[in-house]
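Asks: Build me a model:
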Amino acid sequence: MPRRTRRTAVPTPMGDSTRCVHAGARPPGSTALSPPIYQTATFRLPSVAAGARYSDSVAPGELYTRWGNPTLKRLESALSELEGGEAAIVTSSGMAAATVAILTGLKEGDHVVGGRAAYAGVLEIEMELLPRFGIEATLVENADVESFRRALRPNTKLILVETPANPTLAVTDLAGVVKLAQRYRIRTTADNTFATPINQRPLSLGIDSVFHSMTKALAGHSDVSAGAVVGSEAFIRRAWHTLKLLGPVLNPFDGWLVLRGLRTLSLRVRRQNENAMAIARFLSKHPGVSRVHYPGLPSHAGHRVARRQMSGFGGLLSFELKGGLKAGTRLVESVKLVTLAVSLGGVETLIQHPASMTHTMIPKRDREEAGITDGQIRLSCGIEDARDLIADLDQALGKAARR
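Replies: Modelled structure (predicted):
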């Protein structure tokens, strides 16, 4: 009788909620469910030899918190696991993360290509900060990979993408950008703040590194400022040196707050996805709205690409009012349940008017070229009941029209 071969069971990949709860290795021997907070600037060393050894290593965990900290190490481990990267570093803000991710590897004489629609602070890095170091940047249409190709130069060293983009929700074909960059051996980095690793994982599509404003959805409760960069071990090693010199260290307690927020990330993001879809459908039928930008709608120009590279369409959407600038300001000042505030990704729904708030420093012509109109409204959906949010937006739209 033939001997039966025993088959080895193939482990089933863990779901997002499971990974969010358990991401980040628990220290050996620890029985604490909640990670300890190492609220210290420096650490006692057993000998001068240990000090020399730590000083020669990359991101030591227990030497000096600007270099590394056990609480932050646990957060970095969780982030690299969620994004599918080899390593991560955390920073004191999303802008710090963007600065480190962009500057690492660049030098005088280099050239950067980025999407025209992006977070205003990142645009300022490209157009104001980089030129001070002799680095040029060219902004192109986010949704057109061919526009990235046309902008390339022999000295192009970085392609920077944000998808979905802020605040237009334009979608960039990540696989297309990766193919282009690999052909010319150009580094790529992506701002994955809007999508989060629950909805999109650019590293799995070949993007070299991602950065986040963890202030937003990753922390999720509008009570912390933090950022992160995730990528290969080799890139994060170089990025750590940039971080060490610039010094935007994340406070260990804030790192602990982000760790706590990560545990519910999947639940929160999925609820925000649902709310955004319901609100987008409501707005698309409202007589006071001329256009709705949300990748989940079949009418969105990037819908097919978004379906291919995203597992969820996110909690952010924008829409354009027929009344232009004045209607936009009236609307955001008429909401009651929704909160007029910048930022995004928290448990509460936030609304803002880019043309009169966050993008006022950008000339109108440049704003319009990026797809940011005077009547455009950006909405960050929280986890409230969708019907309550829709009722509030309906009454605000009515007030904006009557005035």
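
Asks: mind checking the longest helix of this structure?
Replies: helix 265-284 (DSSP state H).

Asks: Run through the neighbouring helices and strands of that helix.
Replies: Applying 3 or more Cβ pairs under 8 Å, 6 or more residues apart in numbering; DSSP states H and E, one finds that helix 265-284 contacts helix 16-22, helix 196-199, strand 289-293, strand 316-321, helix 386-402. In this view, the C-beta of every residue, glycine as well, is placed from N, C-alpha and C.

Asks: Mean confidence (pLDDT) on that helix, please.
Replies: Averaging pLDDT along helix 265-284 yields 98.

Asks: list the buried ones in the lowest-mean-pLDDT helix or strand in the chain?
Replies: One helix or strand of the chain scores below all others by mean pLDDT, DSSP states H and E: helix 364-369, with a mean of 76. Using 16 or more other Cβ atoms under 10 Å as the test for burial, helix 364-369 gives residue 367.

Asks: what distance separates that helix from the centre of its chain?
Replies: 24 Å (Cα atoms, centre = their mean, to the nearest Å).

Asks: what's in contact with that helix?
Replies: 116, 354, 355, 359, 373, 374 (Cβ atoms under 8 Å, 6 or more residues apart in numbering).

Asks: What sits closest to the last one if chain neighbours are left out?
Replies: On the basis of Cβ to Cβ, 6 or more residues apart in numbering, the spatially nearest residue to residue 374 that is not a chain neighbour turns out to be residue 325, at 3.9 Å.

Asks: just the angle between the longest helix of the chain and helix 386-402, please?
Replies: 40 degrees (axes from the mean of the first three to the mean of the last three Cα atoms, to 10 degrees).

Asks: got the contact list for helix 265-284?
Replies: Contacts of helix 265-284 (Cβ under 8 Å, 6+ apart): 15-17, 19-20, 82, 196, 198-199, 217-218, 220, 289, 292, 294, 296-297, 299, 312-317, 319, 345, 347, 349, 379, 381-384, 386, 389-390, 393-394.

Asks: What subset of those residues is buried?
Replies: By 16+ other Cβ under 10 Å, those give 16, 19-20, 82, 196, 198-199, 217-218, 220, 289, 292, 294, 296-297, 312-317, 319, 345, 347, 349, 379, 381-384, 386, 389-390, 393 as buried.

Asks: which residues in the stretch 1-150 of the chain form helices?
Replies: 16-22, 48-55, 70-83, 94-103, 120-124, 130-132, 145-151 (DSSP state H, counting those that start in this stretch).

Asks: Show me where this protein dips below the pLDDT cut-off.
Replies: Residues of the chain that meet the criterion pLDDT under 70 lie in 1-12, 25, 55-57, 359-361, 403.

Asks: residue nearest the centroid of it?
Replies: The chain has residue 193 as the residue nearest its centroid, 1.2 Å off, counting by Cα atoms, centre = their mean.

Asks: Put the alpha carbons of stretch 60-76 into CSV.
Replies: Extracted in CSV, the C-alpha atoms of stretch 60-76 (Å, rounded to 0.1, in the frame of the first residue of the first chain):
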residue,chain,number,x,y,z
PRO,A,60,20.3,51.9,18.4
GLY,A,61,17.3,51.3,20.7
GLU,A,62,18.8,52.3,24.0
LEU,A,63,21.4,55.0,23.7
TYR,A,64,19.8,58.4,23.1
THR,A,65,16.1,58.9,22.1
ARG,A,66,17.0,61.1,19.1
TRP,A,67,18.8,58.0,17.7
GLY,A,68,16.2,55.5,18.8
ASN,A,69,13.9,54.4,21.6
PRO,A,70,12.3,51.0,22.5
THR,A,71,8.7,52.4,22.3
LEU,A,72,9.5,54.0,18.9
LYS,A,73,11.2,50.8,17.8
ARG,A,74,8.0,48.8,18.4
LEU,A,75,6.0,51.4,16.5
GLU,A,76,8.4,51.2,13.6
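
Asks: Go through stretch 59-78 and flag the buried ones.
Replies: 59-65, 67-78.

Asks: Please apply the same query to stretch 82-89.
Replies: 82, 83, 85, 87, 88, 89.
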